[in-house]
Structure formats: C-alpha cells, structure tokens
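J.: I would like the atomic coordinates for the input below:
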Amino acid sequence: MKLKTLSAVTVVAALGLTACANPDVYSGDVYGSGAAKQAQSVTYATVSSVRPVLIQSGDKNPNAIGTLGGGAVGGILGHQVGGGSGQALATAVGAIAGSMIGSRAEDKVNQVKAVEIEVRTDNGENLVIVQKADRNWQPGQRVRLVGSGRNLSVTPY
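T.: Numbering: from 1, shown residues only. Okay, here's the model as predicted:
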C-alpha cells in the first residue's frame, strides 16, 4: 500500500512541476525584464494572414521531469508485478514505458496555442511573427510591431 501512495505522490509532483511553466512569456502583452525602461522601435504594418500554430516550450531541459517521473512511476508499478526474474523484467519494462509516456505527456503539457502572423510593413517588408494566441487577429488589421529581431511583438494599433 505504501508503494501505491508513493506512486501517486510522484505523479502529482511531476505534473505539478511541469505545470509551473509560464506560457505567458509568449504573449505580445508580456515584456521580459530586460525590455523594461529600454527604448523599443515601432513599425506599423497590416496583417496579411494568420494561422494557428503551437509553441513547444521547455526547450532548455526538454522532457526531464516527464521522463524521470514517468520512469520512476513505471518502474514502481512494474516492480509490483510477479516475482524473481519476471519482476525484474517487469520493473525494467515499466520504467522504459513510463519514461516514454512521461516524456510525451510533458511535450503536450508544454505546448502553447499560438498564431503565426504574417504582416506587411508600411515600407513594404513582409515579416512573420509567432506569439501566443491571446487575440483574434484578422487580415487587413492595422498593427504595431514593437521591438526588433528576436524580441518583436505584434500589438493592436
């Protein structure tokens, strides 16, 4: 019974830590601390097209929590099957399967619904910006592009 409680605690802890990822950093309304009190360039543009995409967050340590947590839970559950060499095999298979399932689950949890916004600037340049889908953008809509390069957000005009 103690083993089952440990399994449940491990799953809840892994999911809780995974849920701590902050998807708001991908919003056009959120600025990083480095952008505060910094001059940002502004370009005006018109939305050409919009399409839904996903942002896969968690690139720095991909699937570490899901893989390790899933492997631990799978190994614990597999260890409860059979005895002797069959138990060792079930433990190994459970750990491998748990790692794979945990990794995939973390991938899904770390996805943020986003939009790919293609714009045509007033000076004729075509750009594509991907950011969190927290607004309904429409082709023909006038927008402001705030920032430059890797730090560019689309905001309403």
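J.: residue 45: neighbour count?
T.: Residue 45 has 23 neighbours, counted by other C-beta atoms under 10 Å. Bear in mind the C-beta positions are built from the backbone N, C-alpha and C, glycine included.
J.: er, residue 153 actually
T.: Residue 153 has 20 nearby residues by other C-beta under 10 Å.
J.: ok, residue 53 touching residue 118?
T.: No. Under the criterion of C-beta atoms under 8 Å, residue 53 makes no contact with residue 118, lying 11.7 Å away.
J.: any idea how this protein splits into domains?
T.: Split into domains by automatic domain parsing, the chain comes to 1-23+59-109, 31-57+111-157.
J.: lowest average pLDDT across those domains?
T.: Ranked by mean pLDDT, the domains of the chain bottom out at domain 1-23+59-109, which scores a mean of 61.
J.: show me where this protein has helices.
T.: 2-18, 64-79, 84-109 (DSSP state H).
J.: name the strands paired with the longest strand along the chain and say parallel or antiparallel.
T.: If you go by DSSP state E, the chain has its longest strand at strand 42-56. Its sheet considered, strand 42-56 pairs with strand 111-121 (antiparallel), strand 142-148 (antiparallel) by DSSP bridges.
J.: now what about the first one, what contacts it?
T.: Same thing as strand 111-121. 23, 26, 43-57, 126-133, 137, 143, 145, 154 (C-beta atoms under 8 Å, 6 or more residues apart in numbering).
J.: possible to save the strands paired with strand 42-56 as a markdown table with mean neighbour count and distance to residue 80?
T.: A markdown table is the format used below for these (neighbours: other C-beta atoms under 10 Å; distance: least, C-beta to C-beta, whole Å):
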| stretch | mean neighbour count | distance to residue 80 |
| --- | --- | --- |
| strand 111-121 | 18 | 32 |
| strand 142-148 | 17 | 54 |
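J.: pipe those into CSV and attach distance to residue 95 per row.
T.: As requested, those are exported to CSV (distance: least, C-beta to C-beta, whole Å):
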stretch, distance to residue 95
strand 111-121, 25
strand 142-148, 45
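J.: residue 91: which of those strands is closest?
T.: strand 111-121 (31.0 Å; C-beta to C-beta).
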